[in-house]
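Engineer: Provided below for reference: sequence and predicted model.
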Amino acid sequence: MVRKGGNVISTVTTTITVATLTFGATLGAMSTVLLIFLLASKELVSADSRKALVAFGRTLTIGILPLLISFTFIVSFKILEVL
């Protein structure tokens, strides 16, 4: 369904770009909220000295590290956008 002048293709490309940027912003916000939740949980769990909770605190680190890396990238890209 390509017309002369390419209006259909440019409209589809613009729509896909806007949808991708919206999805990326939503995903970044959700991962930031999840990181805050996991960090707070780890802090609460590490306050107790029971062995099961200490092991659970170590397990939370598995989820925290990748989210921390992605949060670093999000902040870096936001800073680069401003500059």
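Structural biologist: Arrived safely, thanks for sending. Numbering: from 1, shown residues only.
Engineer: show me what stretch 55-64 is in contact with.
Structural biologist: Residues outside stretch 55-64 that contact it (C-beta atoms under 8 Å, 6 or more residues apart in numbering) are 34-35, 38-39, 41-42, 45-46. Placement of C-beta: from N, CA and C, glycine included.
Engineer: apply 6 Å and report the result again.
Structural biologist: Residues outside stretch 55-64 that contact it (C-beta atoms under 6 Å, 6 or more residues apart in numbering): 38, 42, 45-46.
Engineer: just checking, what packs against the helix or strand of the chain with the lowest mean pLDDT?
Structural biologist: When the helices and strands of the chain are compared on mean pLDDT, DSSP states H and E, helix 7-46 comes out lowest with a mean of 81. Counting by 3 or more C-beta pairs under 6 Å, 6 or more residues apart in numbering; DSSP states H and E, the packing neighbours recorded for helix 7-46 are helix 51-82.
Engineer: got the angle for the helix it packs on vs helix 7-46?
Structural biologist: Put simply, helix 51-82 runs at 140 degrees to helix 7-46, going by axes from the mean of the first three to the mean of the last three C-alpha atoms, to 10 degrees.
Engineer: just the buried residues of helix 51-82, please?
Structural biologist: Within helix 51-82, the residues scored as buried using 16 or more other C-beta atoms under 10 Å are 57, 60, 64, 67, 70-71, 74.
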